[in-house]
Each structure stands twice: as C-alpha cells, then as structure tokens.
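Asks: Would you be able to build a 3D model of this:
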Amino acid sequence: MRFSTSTSDVIVCVCVFVSFSQEMASTLAQKHLRSIILNHIIRGNRPIKAEMAHQLYVLQVLTFNLLEERMMTKMDPSDQAQRDIIFELRRIAFDGDNDPNSSTEKRKAMYTKDYKMLGFTNHVNPAMDFTQTPPGMLALDNMLYLAKLHQDTYIRVNTLP
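Replies: Residues are numbered from 1 along each chain as shown. From the prediction side, this is the model:
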C-alpha cells in the first residue's frame, strides 16, 4: 500500500468529518488507521514534513481528549466492581503466592505487602489512590490493560525489588 503526500488530507478528513469524540474513537479503531499511520507514515521511508507532523499532533491531541472524562473520574471506594479490578491486579501479579488455607489476618497482611509492591500509596485501601484527579480512573484502566494484555511485563515491572 503506497501513500501519497495527500496522507495528511486523509488525517484531516478523519478529524473533520467525525463530529463526536466517541464516534471518532470507533472510526479510528474500525479502520485500523492507527496501524496504517504508524507503519506507513511514522515508520515510513520518507521523512515527516512539517505539515504532516502538525496533522499528527492534532490527531494525537484529539485522541488524548477522548481520555479526559475517564481521567477526571474519581474512583468510588465503596463500588465493589471497581474494588474487584484492584483485586484482579493483585491476583494477576501474585497469583502463585496465594495460600487458600491461610488465616484472614495473614491474607490481609499479605495483601497489604502485595499492594505496596504494586506501587499503591495506600496499602490498606488502594482504592483511595484513584480518588485523586487526574489521573483518576484512567490510571486504573491503564494498569488493568497492561496486566491483561501484557501480563509478563506487568508481573516483571511490579515485582521488581
């Protein structure tokens, strides 16, 4: 697939004709534009000219703006579904360390140690780490994404001494 210098026109058209932010995200995902831009423009053989660099910047800003609502959403520490996500993060990183026969107090101490290793500032109630905005729930979303899609990296990063 070859792209002409009108590639910036394609990016502009995508940004202009997509009126709603969620629609834009859906369009970018469905058309695989992200991989096309990465493979054929950013990693392409030709240097990126100033106009193209500007269009890529505009696309990046629009994409980041899609995340603002999630970034400004505080976690509700009483929401069990959200708390389950934190527990899932701990489970993914330390699944082999679980002893189902251990006492509740021993498990609580172990969880506190695990949450500390995961980098939470509040080791007893890590949900409190996501009540500050920004980064809000976006940080939790990113952690879960890394843990589920790149589990080896997540485990390696979070179990460093």
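
Asks: okay, now the nearest residue to Leu67 once chain neighbours are set aside: neighbour count?
Replies: Spatial nearest neighbour of Leu67, excluding adjacent residues (Cβ to Cβ, 6 or more residues apart in numbering): Leu138 at 5.7 Å. Any C-beta I mention is one placed from the backbone N, CA and C, and that applies to glycine too. Residues contacting Leu138 under the criterion other Cβ atoms under 10 Å number 18.

Asks: residues touching Leu138, list them.
Replies: Each residue near Leu138 by Cβ atoms under 8 Å, 6 or more residues apart in numbering is listed here: Leu67, Arg70, Met71, Thr73.

Asks: Select only the buried ones of those residues in ChimeraX?
Replies: A single ChimeraX command suffices to select whichever of those are buried according to 16 or more other Cβ atoms under 10 Å:
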select :67,70,73
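
Asks: residues contacting Leu89?
Replies: Contact analysis of Leu89 by Cβ under 8 Å, 6+ apart lists Leu118, Met143, Leu144, Ala147.

Asks: so how many other residues sit close to the second one?
Replies: Right, Met143. By other Cβ under 10 Å, 20 other residues sit near Met143.

Asks: Could you list the low-pLDDT ranges of the protein?
Replies: Residue ranges of the chain with pLDDT under 70: 1-22, 24-25, 28-31, 96-102, 159, 161.
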